[in-house]
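Engineer: how would this look folded up:
(chains A and B)
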Amino acid sequence: MRQRQSRALWFWVFVGPFAAGLALFTYVPLLWSVWLSFFDAHNTVSPTDFVGLDNYATVLGDPAFRSSLVTFAVFTAFIVPATYALSLGLALAVNRLRVAQAFFRSVFFLPTACSYVVAALVWKLSVFNGVRFGLANTVLGWFGADPVAWLATPDPPWYWLVVVTVRLWLQTGFYMVLFLAGLQRIPVRLYEAAALDGARPGWQTFRHITFPALRATSVAVVLLLVINSFQAFDEFYNLLSDARGYPPYARPPLVHLYYLALGQGQDLGLGSAGAVVLALVIAVVTIVQARWARLGRTEEA
Amino acid sequence: MPISRRQLMAGGAGLGLAAVATACGSNTGRGAEGSRTRLTQWYHQYGEVGTRQAVGRYAAAYPGADVHVEWRPGNYDQQTAAALLTDSGPDVFETTGPTPDQIRSGQVTDVTDLISDVRDDYLPAVLTPRTHDGRVWGVPQVVDTQLLYYRKSLLAAAGVSPPRTLDELIDAAARLTDRKTRTKGLFLGNDGGAGVLAGTPLYAAGLSLVTPDGKAGFDDPAAARTLGKLHRLYADKSLLLGAPTDWSDPSAFVQGLTAMQWSGLWALPRIKKELGDDFGVLPFPPDGPAGRPAVPVGAYAAAVNARSGHRDAAKAFVQWLWVERADHQLDFALSYGFHIPARASLAAKADRLASGPAAEVVRFTKDHGYAQPLLWTPASQVAYQDALHRVIQEGADPAAQLRAAVRRTEEELTRVRKGG
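Structural biologist: The predicted model follows:
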C-alpha cells in the first residue's frame, strides 16, 4: 500500500509540472478561444456580447477565408508528394554511396538547421528578387530573357516556384535522414531471398522489397509533412508580406486570420472562430489519414 | 513610418506578446524620491540613429515624474494592442491609431483638454483621424508624408516632363522604362502599389475612403475608372517589382533601378546626399474632372492608457512633452529622422524645411494632405487592398472588385457606428 502511494507521488512529481504547463498554456487558451468564438470580442478577452454562431457564419461566408483553405489544400497536395519523392530519392542515392556517404548525408541535412525566416529572406532578397542582379534573373539574362518579378507575378503564378523551392530546400534533408534510417533497418536477407527468386535489381526490387519495407517510415513521414504544411506561415509571411499587408494570392489560412482578426484588427471572436474551423479541418484530415494508413502497424506486421 | 522597413524583418517573431513591463534601468540614484510617480512610455523602434537617446533625454528632463522609456522593436501595433488588454501595459504610448475599437472599448483616455488652447495649430490632416465625436484621443507627434520622387536627368534624357496628371504619370513611366539598361519607370513598392497607394488614387480622383458622414467614399464610377488605369502600369511592365528594398527605402531610386519612386519624406536627406540636386518631388497626380493632387500623411500620436494607475500624471507628461515643449518637438522632428512637426507654428519655424524640395513638400502637404480616416478599420482595409491588388496585378474588373470592398466597408462602418 505504501509503495503504491509513493509511486503515485513520484508519478505526479515527474508528470505534474508538465501536465500543469500543458493545461495552463495549451488547454486553457484553447478552451478560452472556443468560448471567445461565440462572442463579439473586439479588443477584449473577457467579452459580454454573446452572438451565437455569428462569427462562424462570417468567417465561413468570407470568400477570402474559403479561398485560403483552398490555397492551403493545393499547397499540401503538392508539397507532400514532392518532398516525399525527393527525400526518398536522395536517401536511396546516398544509401548506395560507397565513398563520402557521411559527407553527402551532412550536406543534404544542413539546410534543416536554417530557420524558415532566414531562408525566406535569402530567397526573397537574393535568389528570387525581381531585379537584374538577382540570382535567378542573372541566369535568365544569360539566355537573353527579361527579368521576372518572381513574387509579384500572379499570372503565371511564379510565386509558387519560390514558396515551394524554399520549403523543399529546408525540409528535404530532414526526411532524407528518416528514410536513411528506415533503409538501414531493412534486413539484407530480404534482398538475398529476392535475388534467389530471380528479382532484378533496380525498379523491381524497389517496388516489391524496399518500398513495402519502408511502410512505417513512410506513414510517419507523410503524417509529419501534412501537419507541417498545415502550419505553414513563416515562409509565406516573410516572402510575400510587406509593411502594408499581403497580396490576395498564396494566402494560407493562418496568414489570412492574422490580417483579418488577430493582428491589428483585434477581432478576437472572429479570429477564434476561424482558428476553431481550421483546427477541425486539421483534426478530420489527420484522423482520416491515420485510419487510412493504419498508423501504429509495424514493418513486420 | 520607418517601422515599415523593420516590420518585414520582425516578421514571424513579432507575434510574441511581451506584455511584461521590465523594471530595470530607471534607477537614477536619486534615493529620497521613492514617492515620485513612475510612468512607463512606449515607442516603436525608430530607424534613425539618436532617436532613442533623444526620447530618453526628454523623459529624464521631465520634472513631474520618473518616466521610464521602453523601446519596442518588432510589430509595434500588435504589441500595444495586446498590452492594452492587460493591466501591465504602458502608461503613455505612441500609436498610429488609436483605432475606433480602442476608443469605443475604453482602452485610451480622452486628451482633448490637453490641447484645447492650441487645437487650431495642429495640421487638420493629422488631428482629424484622432478625433471621435468631437473628442481627441491622441496628441499628434509629427507628420510623415509620402510623395513621388523623380530623377530630373533621366526625365530630361527621355524628353519627359514631370507628370501633372495620372495619365501623364502612366505615360512617363512607360517612356522611362529602358529595356537595354534594365531601368524601370516607376517604383510603387514590390507588390505593384496596392499596399502603399491604398486610398491615395481615390483621393486623387476627388473621392475618399470614408466620407465625413461615415459612408464608404468610393462607391462611385470614378473610383473604378481611376483604379483601372493603374493596371496599365503593371501591364506595360513599367513598374519595378521585387527590388531588394521596399518603397519606404530610397535605395532602388538612388541606385538607378527606377527613374521615379513613391516614398516618404524621411528618405529625402539620403536622396539629397546621394543625388545632389538631380531629383524633384511631386504629389500623387490628379485624375479626372474632380481630381486633385493627393498627399497621404501619417502620424504617430501620443495616447494615454485608460488602465494606467497614474492617468492624470500620464496626461500631464504628454501635455508637457508634446504640447508645451516646442524645443523637444522640433528636435524630435528634425534632428534624427526627417518629419514635419505636427503643429503649423513649429513647421514654419524649421529652417531645414524652409527651402528647396523640402519646402515644396511642406507646401503640398499643407494643401493636399489626407490621412486614413479614423473609421477605416483593418477589416475594410484588407477587403479594399485585396480588390486593388487584383485590379493592378491581375487586371480584374475594377467595378466588380470595388463592389465587394464597398459592401465589406459598409458592414464595418455600420458596426463601428453602432457602438459610437
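
Engineer: ok, the closest residue to chain B within the stretch 101-250 of chain A - contacts?
Structural biologist: Nearest residue of the stretch 101-250 of chain A to chain B, counting by CB to the nearest CB: A:Gly130, 1.9 Å away. All C-beta spots, glycine's among them, are computed from the backbone N, C-alpha and C. With contact set as CB atoms under 8 Å, 6 or more residues apart in numbering or on different chains, A:Gly130 has these partners: A:Asn137, A:Pro147, A:Val148, A:Ala149, A:Trp150, A:Leu151, A:Ala152, B:Asn190, B:Leu240, B:Leu241, B:Gly242, B:Ala243.

Engineer: out of those, which are buried?
Structural biologist: A:Asn137, A:Pro147, A:Val148, A:Ala149, A:Trp150, A:Leu151, A:Ala152, B:Asn190, B:Leu240, B:Leu241, B:Gly242, B:Ala243 (16 or more other CB atoms under 10 Å in any protein chain shown).

Engineer: give me the neighbour count for the nearest residue to the last one once chain neighbours are set aside.
Structural biologist: In other words, B:Ala243. In space, B:Ala243 comes closest to B:Ala252 once its chain neighbours are excluded; the distance is 4.4 Å by CB to CB, 6 or more residues apart in numbering or on different chains. Neighbourhood size, B:Ala252 [other CB atoms under 10 Å in any protein chain shown]: 22.

Engineer: gap between B:Ala252 and B:Tyr149?
Structural biologist: 11 Å (CB to CB, to the nearest Å).

Engineer: got any ranges where the stretch 301-420 of chain B has weak pLDDT?
Structural biologist: Using pLDDT under 70 as the threshold, the predicted model of the stretch 301-420 of chain B has low-confidence ranges B:419-420.

Engineer: that one: strands as residue ranges?
Structural biologist: B:301-304, B:340-341, B:369-370 (DSSP state E, counting those that start in this stretch).

Engineer: what residues does the stretch 51-200 of chain A have near chain B?
Structural biologist: When proximity is defined by CB under 8 Å from any CB of the partner chain, the stretch 51-200 of chain A lies next to chain B at A:64, A:116-117, A:121, A:125-126, A:128-132, A:134, A:146-147, A:149-155.

Engineer: buried sites along the longest helix anywhere in chain B?
Structural biologist: Counting by DSSP state H, the longest helix found in chain B is helix B:398-419. Neighbour-count burial for helix B:398-419, counted by 16+ other CB under 10 Å, picks out B:Pro398, B:Gln401, B:Leu402, B:Ala404, B:Ala405, B:Val406, B:Arg408, B:Thr409, B:Glu412, B:Leu413, B:Arg415, B:Val416.

Engineer: do stretch B:114-133 as well
Structural biologist: Along stretch B:114-133, these residues count as buried under the neighbour rule (16+ other CB under 10 Å): B:Leu114, B:Ile115, B:Tyr122, B:Leu123, B:Ala125, B:Val126, B:Leu127, B:Pro129, B:Arg130, B:His132.

Engineer: swap in stretch B:363-378?
Structural biologist: So stretch B:363-378, judged by 16+ other CB under 10 Å, has buried residues B:364-366, B:368-378.

Engineer: what sits up against the helix or strand harbouring the residue nearest to B:Ala243?
Structural biologist: Applying DSSP states H and E as the criterion places B:Ala252 in helix B:251-254. Residues outside helix B:251-254 that contact it (CB under 8 Å, 6+ apart) are A:131, B:149, B:151, B:187, B:240, B:243-245, B:258, B:260-261, B:263, B:267, B:270-271, B:274-275, B:279.

Engineer: from the residues you listed, which ones fall inside strands?
Structural biologist: B:Tyr149, B:Phe187, B:Thr258, B:Met260, B:Gln261, B:Ser263 (DSSP state E).

Engineer: which of those sits closest to A:Thr26?
Structural biologist: Here the nearest of the ones in strands among the contacts of helix B:251-254 to A:Thr26, counting by CB to CB, is B:Ser263; it sits at 44.4 Å.

Engineer: shared neighbours, B:Ala252 and B:Tyr149?
Structural biologist: Residues touching both B:Ala252 and B:Tyr149 (CB under 8 Å, 6+ apart): B:Gln261.

Engineer: tell me if stretch B:377-397 is near chain A.
Structural biologist: Yes: counting by CB under 8 Å from any CB, contacts between stretch B:377-397 and chain A involve B:Thr377, B:Pro378, B:Ala379, B:Gln381, B:Val382, B:Ala383, B:Gln385, B:Asp386, B:His389, B:Arg390, B:Gln393, B:Glu394.

Engineer: so which of these belong to helices?
Structural biologist: Those of the residues of stretch B:377-397 next to chain A lying in helices (DSSP H): B:Pro378, B:Ala379, B:Gln381, B:Val382, B:Ala383, B:Gln385, B:Asp386, B:His389, B:Arg390, B:Gln393, B:Glu394.

Engineer: now distance to B:Pro212 too, for those residues, in CSV please.
Structural biologist: Supplementary listing: those in CSV, determined by distance: CB to CB, whole Å:
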residue, distance to B:Pro212
B:Pro378, 21
B:Ala379, 21
B:Gln381, 19
B:Val382, 23
B:Ala383, 21
B:Gln385, 23
B:Asp386, 26
B:His389, 28
B:Arg390, 29
B:Gln393, 32
B:Glu394, 33
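
Engineer: pull the most distant pair out of the residues you listed.
Structural biologist: Comparing every pair within those by CB to CB identifies B:Pro378 and B:Glu394 as the most remote, at 22.9 Å.

Engineer: thinking again about what came up before, show only the entries of the buried ones among the contacts of A:Gly130 found in helices.
Structural biologist: A:Asn137.

Engineer: from the buried ones among the contacts of A:Gly130, pick the one nearest A:Pro81.
Structural biologist: Relative to A:Pro81, the closest of the buried ones among the contacts of A:Gly130 is A:Trp150; by CB to CB it sits at 23.1 Å.

Engineer: contact partners for that closest one?
Structural biologist: A:Phe128, A:Asn129, A:Gly130, A:Gly134, A:Ala136, A:Trp158, A:Tyr159, A:Leu161, A:Val162, B:Gly242.

Engineer: lowest pLDDT pick from these?
Structural biologist: Lowest-confidence member of the contacts of A:Trp150: A:Gly130, scoring 83 (pLDDT).

Engineer: phi first, then psi, for the closest residue to that residue other than its chain neighbours.
Structural biologist: The spatially closest residue to A:Gly130, leaving aside those adjacent along the chain, is B:Gly242, at 1.9 Å (CB to CB, 6+ apart). According to degrees, to the nearest 10, the main-chain angles of B:Gly242 amount to phi 70, psi 30.

Engineer: contacts only, for B:Gly242.
Structural biologist: A:Phe128, A:Asn129, A:Gly130, A:Val131, A:Gly134, A:Ala149, A:Trp150, A:Leu151, A:Ala152, B:Asn190.

Engineer: pLDDT weak spots in chain A?
Structural biologist: By pLDDT under 70, the low-scoring segments of chain A are A:1-3, A:263-264, A:294-301.

Engineer: so where's the longest helix in it?
Structural biologist: Of all the elements of type helix in chain A, the one with the most residues (DSSP H) is helix A:63-96.

Engineer: could you give the angle of that one to helix B:378-394?
Structural biologist: An angle of 60 degrees separates the directions of helix A:63-96 and helix B:378-394 when computed by axes from the mean of the first three to the mean of the last three CA atoms, to 10 degrees.

Engineer: looking at the stretch 101-250 of chain B, what residue ends up closest to chain A?
Structural biologist: Per CB to the nearest CB, the residue of the stretch 101-250 of chain B with the smallest distance to chain A is B:Gly242, at 1.9 Å.

Engineer: leaving out chain neighbours, which residue sits closest to residue 79?
Structural biologist: Went with chain A since none was named. A:Ser229 (5.2 Å).

Engineer: to clarify, I was referring to chain B.
Structural biologist: B:Arg72 (5.5 Å).

Engineer: check B:Arg352 too.
Structural biologist: Here the residue nearest B:Arg352, using CB to CB, 6+ apart, is B:Leu334, at 5.5 Å.

Engineer: count the neighbours of that neighbour for me.
Structural biologist: By the other CB under 10 Å criterion, the neighbourhood of B:Leu334 contains 21 residues.
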